[in-house]
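*Asks:* need a structure here:
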Amino acid sequence: MLIREMSADELERVVQLKPPAWSDIKPYFGIYLRQPSCMPFVAVEDGEIVGVANGSRQGDVGWLGHVIVSPAYRGRGIGKRLVLFMIDRMKQSGCRTIALIASKDGEPLYRKLGFREADQYVFFSNEEPAGAPQQEGIRLAEAADYEAVLQLDRDATGEDRSYLLDEHQDRLWVVGEKGSPRGYYAPQLGNGAVVAADEEAGSLLLHYKHSLNGTRSVIPEANEAASRILSRWCVRHEETLARMVLGADIAWKPERIYCRIHGSFG
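*Replies:* Okay, here's the model as predicted:
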């Protein structure tokens, strides 16, 4: 079996590997292919793509995501080989920590490889809008806000996710004065990322987000304020997924993350 870089002309073949229960993976692989911070690789056997994985370098933290093996090739150790390969590549790129959100099927393997649990992610969703949108206190971000938005994100995550936010800086909603926002909402970034420095800002942004349409928010279990706020309009799903790390601890502030970006980026 050969593990090599994925090429753009393989996108449609990789999309076919998507497990039935997963949401569309094509937009994320589009990001992986165009962003230098991302490292999508495929496992190939007899000319057939039988597995895929991506690593995203966010400062000195690497996120492992979309580890998929074709059903016909499971049970042969391909997933383990992909994970070990990606860990090595991300370490070579300068990552001190490898992070991931583990599926229930994948969690036992990650534990065997030395990953440890850092938190659980909790899923909330509402099928109907949460009342009329409340825009008071919320505004579209301006150019003068962007550096503060990036700092908000770095302070909350302990990572550099600017390569993702750069593509959305003209579509951000913020709370706070010009040049010093206290929170942001990125509607088209993954699950609709929300990061806030305080509960008031987080509450305003979450209410605005869930007032627009039936949607989903995924939060660290440690963010009790977000859980309390979302419970007003949303159903909390029973299943949680583990956030796991290998290497140095990440200096993050889960209480400031009111919705993650995606399982591949934190």
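
*Asks:* how about the helices of the stretch 1-150 of the chain, start to end?
*Replies:* Applying DSSP state H, counting those that start in this stretch to the stretch 1-150 of the chain gives helices spanning 11-15, 26-34, 78-92, 107-112, 146-157.

*Asks:* Hmm, I typed the wrong one, I wanted the stretch 151-266 of the chain.
*Replies:* In the stretch 151-266 of the chain, the helices defined using DSSP H, counting those that start in this stretch lie at 162-165, 199-212, 224-230.

*Asks:* What average pLDDT does stretch 163-174 get?
*Replies:* Stretch 163-174 carries an average pLDDT of 96.

*Asks:* Dump the helices of the stretch 1-150 of the chain to TSV, plus distance to residue 184.
*Replies:* Heads up, the C-betas are built off the backbone N, CA and C, glycines and all. Putting the helices of the stretch 1-150 of the chain into TSV (distance: least, C-beta to C-beta, whole Å) gives the following:
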stretch	distance to residue 184
helix 11-15	30
helix 26-34	19
helix 78-92	27
helix 107-112	31
helix 146-157	5
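
*Asks:* will you turn these into a markdown table that also has mean neighbour count and distance to residue 251?
*Replies:* Below are these laid out as a markdown table (neighbours: other C-beta atoms under 10 Å; distance: least, C-beta to C-beta, whole Å):
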| stretch | mean neighbour count | distance to residue 251 |
| --- | --- | --- |
| helix 11-15 | 15 | 34 |
| helix 26-34 | 17 | 25 |
| helix 78-92 | 18 | 18 |
| helix 107-112 | 15 | 21 |
| helix 146-157 | 19 | 9 |
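
*Asks:* Make CSV from these and add distance to residue 63 and mean pLDDT to it.
*Replies:* Shown next, in CSV, are those (distance: least, C-beta to C-beta, whole Å; pLDDT from 0 to 100):
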stretch, distance to residue 63, mean pLDDT
helix 11-15, 18, 96
helix 26-34, 11, 96
helix 78-92, 9, 97
helix 107-112, 13, 96
helix 146-157, 10, 98
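
*Asks:* burial of residue 225, as a residue count?
*Replies:* Neighbour count for residue 225, taken as other C-beta atoms under 10 Å: 18.
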